[in-house]
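> My questions concern the predicted model and sequence given below.
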Amino acid sequence: LEAARAAGLEPVAVVLTPWPSRPGQMELSNRETIARRGRIEVATLEAIADPQPEALAAAAAKLPLERWLR
């Protein structure tokens, strides 16, 4: 985030993947720390077992892309 911002980019979110179905304290803490210290929204996606276009599109549909890209 720091490097992107220093380069003049404005990240709107961070997506953590693969996100476990039952995240432990470490994953939850990492997500919260990135959000707080990076002053940014953090989303998660589970692992995509078969990264074919249909599966990727289904995963992307779970993210608020329209809001992020406004």
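Nice, thanks for sending it over.

> SS state for the spatially most central residue of the chain?
Of all residues in the chain, the one closest to the mean position by Cα atoms, centre = their mean is Val15, 0.9 Å from it. Assigned by DSSP: H, G, I helix; E, B strand; the rest coil, the conformation of Val15 is strand.

> Report the helix or strand with the lowest average pLDDT across the chain.
Least confident helix or strand, the chain: helix 53-60 with a mean of 90, by mean pLDDT, DSSP states H and E.

> what is the rounded mean pLDDT of the helix or strand just after that one?
For helix 53-60, the following helix or strand on the C-terminal side (DSSP states H and E) is helix 65-68. The average pLDDT for helix 65-68 rounds to 93.

> Buried by neighbour count: which residues of the helix ranked longest in the chain qualify?
Ranked by residue count, the top helix of the chain under DSSP state H comes out as helix 25-38. Of the residues in helix 25-38, 31, 34 count as buried by neighbour count, 16 or more other Cβ atoms under 10 Å. C-beta here means a position set from N, CA and C on the backbone, and glycine is covered the same way.

> Please identify the next secondary structure element, helix or strand, after it.
Next along the chain after helix 25-38, taking DSSP H and E as the criterion, comes strand 41-44.

> Distance from the chain centre to that next one, please.
Chain-centre distance of strand 41-44: 4 Å, with Cα atoms, centre = their mean, to the nearest Å.

> From the contact counts, what lies against it?
Contact here means 3 or more Cβ pairs under 8 Å, 6 or more residues apart in numbering; DSSP states H and E; on that basis strand 41-44 packs against strand 13-16, helix 25-38.

> give me every residue that touches Leu69.
Val12 (Cβ atoms under 8 Å, 6 or more residues apart in numbering).

> Give me the phi and psi for it.
Main-chain dihedrals, Leu69, degrees, to the nearest 10: phi -90, psi 0.

> so what's the closest residue to Ile34 other than its chain neighbours up against?
Using Cβ to Cβ, 6 or more residues apart in numbering and skipping the chain neighbours, the partner closest in space to Ile34 is Val42 (5.2 Å). Contacts for Val42 (Cβ under 8 Å, 6+ apart) come out as 13-16, 31, 34-35.
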